[in-house]
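Chemist: With the sequence up front, the predicted model follows.
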Amino acid sequence: MNLLIKGGRVIDPSQKLDDVCDVLIENGLVKEIGKGLKAPAGTDTVNAAGKYVVPGLIDMHVHLRDPGLEYKEDIVSGTRAAAAGGFTSVCCMPNTKPCIDNKAVVSYIISKAKNEGFCNVFPVGNITYGMNGERMAEMGELKESGCVAVSDDGKPVCNSELMMRSLQYARGIGIMVISHAEELSLAGTGVMNEGFTSTELGLKGIPRVAEDIATARDIMLAEYTGSPIHVAHVSTKGAVRIIREAKARGVKVTCETAPHYFTLTDDAVRGYNTAAKMNPPLREADDVAAVKEGLKDGTIDCIATDHAPHNIDEKDVEFNEALNGIIGLETSLPLSLKLVEEGVLSLNQLIEKMSCNPSKILDLQRGTLKTGSVADVTLIDPSIEWTVEKEKLASKSKNSPFLGWKLKGKACATILAGKTVCPA
Amino acid sequence: MAEFRHKDIIALRDLTGEEIGLLLSTAESMREINSRDIKKVPTLRGKTIINLFYEASTRTRTSFEIAGKRLSADTVNISTSTSSSTKGETLADTALNLLAMKPDIIVMRHAVSGSHYFLSKYLPNCSIINAGDGAHEHPSQGLLDMLTMKDKFGRLDGLKVAIVGDITHSRVARSNIQGLTKMGSAIYLAGPPTMMPPGVERLGNVTVCNSMKEAIQDADVVMMLRIQQERQGKTLMPNAREYSRYFGLNPDNLKLAKPGAMVMHPGPINRGVEMSSYVVDGDQSHILKQVENGVAVRMSMLYHVCGGELE
């Protein structure tokens, strides 16, 4: 099955390419990029005039909820949502049931994704066995069986020695550690950001310093051990500053933020809106500005969604009872394209953060359209305007604060190893 | 004449000064009923009120029950020990089941801030009155406090009201801040910084003071909040002894307030912690007057959400 994508604006930061040209795909690989390419016999042609043609988008932080919590999402529905959002690869977090601390679960995920999924799924294994923060998981075997990183995402590794040893050990194995930076003694039983809004709503706050301190600790441990570290879901001004300073010192730290952290403030919680409840919580206007600044100056390497599906029964409850998290796969691209419109990022920088950088950080061998590479490609229609509607979302769960929003830009084709997976 | 158009009373933040004034003036009329020999009028005859209390309460629940009965409504009390929540039923399901029994008003106390807005979404045809939600609001307390102040001063406009204690966890403080600001009073807050929520000065006409002295200096009203040892004891203060030295009201520091200043407390009181017994039982104490006004204010609230007219 061969494919010629004609006349699109091809943007591939991995080879500093940004030009109107054609992409020829043969046997699932990129065969050639150039102007006026002819389709060999038996090749389908896609007219991409007015569209962006980019390396398949990568979301390095999603919760597919499979195995164990399939009533929220599963590998099929989650990857379908990913493909609908323009993603050809996702990294799935290990807080499943059972969690991803052993080869059997990794193999299950990889094989189900391969047989039934709509995009590549790269599992993230656990740092600690049973995700209980007490002893290291078998990181060697996790890596061998296909994990691309380790994390106890959803929980921090509270014990500093264990975190330090994990960073050292992971460096030996050659696997990235992803930090969920949260100091639990400060976050306490808080349910939203601590600030004026929490004061007015009478909800218990989570101070920003709970994230800052944990970010600082993990960076200091990475610096001390000489190990690389990736910080997940950065949401505070303080964390951005700490990471910026660490990078300037030469610490091997990378990080990601999520679209909701540069789109919303804790004002979205007003009305006790559980669709705006997540961890870390939505912050304040100066944090949003700092996150944007961090994206702009390169402190923040990636945009990842932290796609966290929850069933309606877990969200349509009193605010304190509602679970943390929102879905994000199908709204990430248009929300991120807004950054280009606002002049925060160039289109090239955006594609770097949504494809090239996550691939580089986790060595996924994706995020490029170089000749010979796997033909994961996303076609983006930047001009299409659409409304986020519950009924049209592919995800099993509908817990999004963006329902009803009018957005601009959408993936119009998601191509996985040369095969168009969306629209199916 | 102001009109009251709300189906629910969940927060004084949601009401205008005019509406608050109306609730207070109706409460003044209701008080007359409470002084009669036969303390009952037929105003809410045939109406069903459910008092749904997810948190323990003696004063507020009893006060709402008496208020309903004096207006001839049928009142039913459900408290946590007898509710379905212990059986794991969701608040929404409890609400829908109660709704099927066609109550006219549900008075609810709940530990989670904002629960009443959630409940209201499920009960489009039933009025919801908030008897306290988490650290958010306690509108009937705010109203009865304001009525008690108005009784003494004949006005709320221009009063200096000091509120001392754990502001962060206090729904009483929030309702008073919201209500008093709309009625033209100035609020001065004091408490250890561990109990002062961020941005609280933006909630209304609020000044955050560095010491209790500063707050109560020349105050017309000194309102003390309850210290809950089980809550504040862990990390917010060293102990009750030190708290009472810096933030307790006693006959000495009360002299800083205006002569004859009112002393108030929403109860229940920890004697010897936030207030010395000399002050609790002293001439300036209006604490029992607050409780008395509670019934009238709650009658007014029940009456207005039912949209009735006063003969």
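Modeler: Perfect, thanks for sending it.

Chemist: Before we move on, what's the pLDDT of the nearest residue to A:Glu352 once chain neighbours are set aside?
Modeler: Using Cβ to Cβ, 6 or more residues apart in numbering or on different chains and skipping residues adjacent in sequence, the residue nearest A:Glu352 is A:Pro13, 4.6 Å away. Just so you know, the C-beta spots here come from the backbone N, C-alpha and C atoms, and that holds for glycine as well. pLDDT recorded at A:Pro13 is 98.

Chemist: What residues does A:Pro13 make contact with?
Modeler: By Cβ atoms under 8 Å, 6 or more residues apart in numbering or on different chains, A:Pro13 lies in contact with A:Asn348, A:Gln349, A:Ile351, A:Glu352, A:Cys356.

Chemist: out of those residues, who's nearest chain B?
Modeler: Using Cβ to the nearest Cβ, A:Gln349 comes nearest to chain B of the contacts of A:Pro13, at 34.3 Å.

Chemist: The closest one: which element?
Modeler: helix A:347-351 (DSSP states H and E).

Chemist: ok, and what's touching that helix?
Modeler: Against helix A:347-351 from outside (Cβ under 8 Å, 6+ apart): A:11-13, A:18, A:52, A:54-55, A:295-296, A:303, A:336-337, A:339-340.

Chemist: Any chance of a markdown table for the contacts of A:Pro13, columns neighbour count?
Modeler: As requested, these are arranged in a markdown table below (neighbours: other Cβ atoms under 10 Å in any protein chain shown):
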| residue | neighbour count |
| --- | --- |
| A:Asn348 | 17 |
| A:Gln349 | 18 |
| A:Ile351 | 26 |
| A:Glu352 | 25 |
| A:Cys356 | 24 |
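
Chemist: how many other residues sit next to the spatially closest residue to B:Thr26 that is not a sequence neighbour?
Modeler: Nearest residue to B:Thr26, sequence neighbours excluded (Cβ to Cβ, 6+ apart): B:Ser300, at 4.0 Å. Counted with other Cβ atoms under 10 Å in any protein chain shown, residues neighbouring B:Ser300 total 29.

Chemist: pLDDT score assigned to B:Ser300?
Modeler: 97.

Chemist: Which secondary structure element is home to it?
Modeler: B:Ser300 belongs to helix B:287-305 when assigned by DSSP H and E.

Chemist: And A:Ile380, by the same measure?
Modeler: Taking DSSP H and E as the definition, A:Ile380 sits inside strand A:377-387.

Chemist: who does the helix or strand immediately after that strand in the chain pair up with?
Modeler: Following strand A:377-387 in sequence order, the next helix or strand is strand A:406-416 (DSSP H and E). Neighbouring strands of strand A:406-416 in its sheet, by DSSP bridges, are strand A:377-387 (antiparallel), strand A:419-422 (antiparallel).

Chemist: possible to save those as CSV with mean neighbour count?
Modeler: Formatted as CSV, the strands paired with strand A:406-416 follow (neighbours: other Cβ under 10 Å):
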stretch, mean neighbour count
strand A:377-387, 18
strand A:419-422, 19
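
Chemist: Switch these over to JSON lines; also include mean pLDDT.
Modeler: Converted to JSON lines, these look like this (pLDDT from 0 to 100):
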{"stretch": "strand A:377-387", "mean pLDDT": "98"}
{"stretch": "strand A:419-422", "mean pLDDT": "94"}
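
Chemist: those strands in the stretch 1-150 of chain A, which residues are they?
Modeler: Along the stretch 1-150 of chain A, counting by DSSP state E, counting those that start in this stretch, strands occupy A:2-12, A:17-26, A:29-34, A:43-47, A:52-55, A:57-62, A:87-92, A:120-125, A:149-151.

Chemist: count of neighbours near B:Asp74?
Modeler: Neighbour count of B:Asp74, defined by other Cβ under 10 Å: 15.

Chemist: whoops, B:Arg13 was the one
Modeler: B:Arg13 has 19 nearby residues by other Cβ under 10 Å.

Chemist: same thing with A:Lys114?
Modeler: Neighbours of A:Lys114 (other Cβ under 10 Å): 11.

Chemist: A:Gly367 against A:Pro55, yeah?
Modeler: Yes - with contact defined as Cβ atoms under 8 Å, A:Gly367 counts as touching A:Pro55 (5.0 Å).

Chemist: Tell me the pLDDT of whatever residue of the stretch 1-150 of chain A ends up closest to chain B.
Modeler: Distances between the stretch 1-150 of chain A and chain B by Cβ to the nearest Cβ are smallest at A:Tyr71, namely 16.3 Å. A:Tyr71 carries a pLDDT value of 98.

Chemist: any idea what sits nearest it, other than its immediate chain neighbours?
Modeler: Counting by Cβ to Cβ, 6+ apart, A:Tyr71 lies nearest to A:Asn311, which is 5.7 Å off, once chain neighbours are set aside.

Chemist: Surely that neighbour and A:Ile327 touch.
Modeler: No - between A:Asn311 and A:Ile327 there is no contact under Cβ under 8 Å: 11.5 Å.

Chemist: what's the overlap in contacts for those two?
Modeler: Common contacts of A:Asn311 and A:Ile327 (Cβ under 8 Å, 6+ apart): A:Ser397.

Chemist: More neighbours: which of the two?
Modeler: A:Ile327 (31 against 17).

Chemist: gap between that one and A:Pro401?
Modeler: Separation of A:Ile327 from A:Pro401 (Cβ to Cβ, to the nearest Å): 10 Å.

Chemist: Taking the stretch 51-200 of chain A, what residue is nearest to chain B?
Modeler: Taking Cβ to the nearest Cβ, the stretch 51-200 of chain A has A:Phe196 as its residue nearest chain B, at 3.1 Å.

Chemist: Count the neighbours of that residue for me.
Modeler: By the criterion of other Cβ under 10 Å, A:Phe196 has 19 neighbours.

Chemist: what's the answer for A:Gly174, then?
Modeler: There are 11 residues near A:Gly174, going by other Cβ under 10 Å.

Chemist: Report the contact partners of it.
Modeler: A:Lys143.

Chemist: Okay, domains of chain B per the record?
Modeler: Chain B breaks down into these domains under automatic domain parsing: B:12-137+B:294-305, B:139-290.

Chemist: With distance to A:Ala322 added, can I get these in TSV?
Modeler: Formatted as TSV, the domains of chain B follow (distance: least, Cβ to Cβ, whole Å):
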stretch	distance to A:Ala322
domain B:12-137+B:294-305	10
domain B:139-290	20
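
Chemist: got the phi/psi numbers for the residue most central in space within chain A?
Modeler: In chain A, the residue lying closest to the centroid (Cα atoms, centre = their mean) is A:Ala304, at 2.3 Å. According to degrees, to the nearest 10, the main-chain angles of A:Ala304 amount to phi -130, psi 150.

Chemist: What of B:Asn210?
Modeler: Reported as degrees, to the nearest 10, the phi and psi values for B:Asn210 are phi -80, psi -20.

Chemist: Run a quick neighbour tally on it.
Modeler: Using other Cβ under 10 Å, B:Asn210 has 9 other residues around it.
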